[in-house]
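Novice: Coordinates only, no sequence provided:
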């Protein structure tokens, strides 16, 4: 959802966007198909999926044998088991490589530091440090060409992200958020990602087009 | 060769070393087998190879269709076509993920900023910026545990690296340097990596255990 709105914001600024998804062995692998649909609907110039092998490294409920926590009340306090070690650093590194090859000067990432799970690599000071490193890492930086890491959602609340997305015509029915989908095209409704999403739609006074199971396992509207 | 000496230095300091190699579709893929042999000979606690898909990104003679330059006279002036975009950033990002999972506090990398090919991501200011970013990226950093990127060869000349390696018992016959090997277990003798290696051994007054073809294609000692 956040990636979709970040893409919509970049498109609204007139950028030709080369979208990148990562197949890192996540439980919720269907987010990659969702990303392809979103990229197409929002008019990205290209969409590529990079295979990376974070399972060989382990250490997260999203890639390993740990259970995804459900119904957490204090999301954002402490770093949860769904944290994937160095995930955004790995993602941004590949984006940096692609930016360098394509001559792109802006890298957009949909991280968010307010309604989020408490991951260290979503904070503004992290994004700034990555940008500084990236300018030193690349040919573009050495030659004095600009390179900017853009995190336009970083200071927004989830409800604001949803409202902005709706203004920009994002079809949230194409997006996928759930960390632990009970089946294809479905969402558990109870992991951090589902809870933050549902709370965001409620606060925005908007209807989530996804369908969630109720307490008895029956499905109902979001 | 540089990675082997960096590993030997870490072992000499008493570290238990988890060695990482990267299969990124490089022409000189046999360096991975060489890395496994070196890691074993130097007593690494583990050696893992991570598959990454830099070919999907392209932009380098080491992964794409461009020719590897030979017999270059001014190595280190400008950034050559063998530069792989953001390569060390991608490598260090995976090392950061592994360090976080294993609880490691030191990441060693064998980059060198003197006798090198002019890659931006081998310079001290780049390594320092990566370290600063890495401390902000990870759970360890948030919790105040130390994390250091160590580049012990960065200020050494190639001859000094070779001498230090020989003192530490590195068997350079196990190592692989050539960017464009003419066949299994062989070296072209003329790419930047071979030229820097051969010059280093000559300056160190040591014998390179590898065999190189002469101008007529016959092989002779290094």
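Specialist: On my side now, so go ahead. Please read all numbers here as calculations on a predicted model, not as lab measurements. Numbering: from 1, shown residues only, chains lettered A, B, ... in the order given.

Novice: At which residues are the strands of chain A located?
Specialist: With DSSP state E as the criterion, chain A has strands at A:18-23, A:46-51, A:106-108, A:148-150, A:211-213, A:219-221.

Novice: and stretch A:21-30, does that touch chain B?
Specialist: No: for stretch A:21-30, no contact with chain B is found by C-beta under 8 Å from any C-beta of the partner chain; the gap never falls below 9.6 Å. All C-beta spots, glycine's among them, are computed from the backbone N, C-alpha and C.

Novice: Count the residues that sit near residue A:47.
Specialist: Using other C-beta atoms under 10 Å in any protein chain shown, residue A:47 is surrounded by 18 other residues.

Novice: so it makes contact with residue A:41?
Specialist: No: in this structure, residue A:47 is not within contact of residue A:41 by C-beta atoms under 8 Å, at 10.9 Å.

Novice: about what we covered before: just send the strands of chain A back as TSV, with mean pLDDT too.
Specialist: Formatted as TSV, these follow (pLDDT from 0 to 100):
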stretch	mean pLDDT
strand A:18-23	92
strand A:46-51	89
strand A:106-108	97
strand A:148-150	97
strand A:211-213	89
strand A:219-221	63
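
Novice: I'd like those laid out as a markdown table, including distance to residue A:98.
Specialist: Below are those laid out as a markdown table (distance: least, C-beta to C-beta, whole Å):
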| stretch | distance to residue A:98 |
| --- | --- |
| strand A:18-23 | 6 |
| strand A:46-51 | 8 |
| strand A:106-108 | 9 |
| strand A:148-150 | 13 |
| strand A:211-213 | 35 |
| strand A:219-221 | 38 |
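
Novice: Could you check the ones you listed and tell me which one is nearest residue A:10?
Specialist: Proximity to residue A:10, assessed across the strands of chain A by C-beta to C-beta, is greatest for strand A:106-108 (4.8 Å).

Novice: pLDDT below threshold where in chain A?
Specialist: A:27-28, A:54-56, A:58-69, A:72-83, A:115-117, A:215-222 (pLDDT under 70).

Novice: which residues in it form helices?
Specialist: A:2-12, A:31-41, A:87-102, A:124-137, A:139-142, A:158-167, A:192-204 (DSSP state H).

Novice: for the ones you listed, which one ends up most surrounded?
Specialist: helix A:87-102 (a mean of 24; mean count of other C-beta atoms under 10 Å in any protein chain shown).

Novice: ok, is it in contact with chain B or not?
Specialist: Yes: contact of helix A:87-102 with chain B (C-beta under 8 Å from any C-beta) involves A:87-90, A:93-94, A:96-98, A:100-101.

Novice: Residue A:51 contacts residue A:25, correct?
Specialist: No: the criterion here is C-beta under 8 Å, and residue A:51 misses it with residue A:25 at 9.1 Å.

Novice: which of the two has more neighbours?
Specialist: Applying other C-beta under 10 Å to residue A:51 and residue A:25 shows that residue A:25 carries more neighbours, namely 19 against 12.

Novice: Can you tell me how far the spatially closest residue to residue A:191 that is not a sequence neighbour is from residue A:25?
Specialist: Spatial nearest neighbour of residue A:191, excluding adjacent residues (C-beta to C-beta, 6 or more residues apart in numbering or on different chains): residue A:179 at 4.2 Å. Residue A:179 sits 13 Å away from residue A:25, going by C-beta to C-beta, to the nearest Å.

Novice: repeat for residue A:85
Specialist: Counting by C-beta to C-beta, the separation of residue A:85 from residue A:25 is 13 Å.
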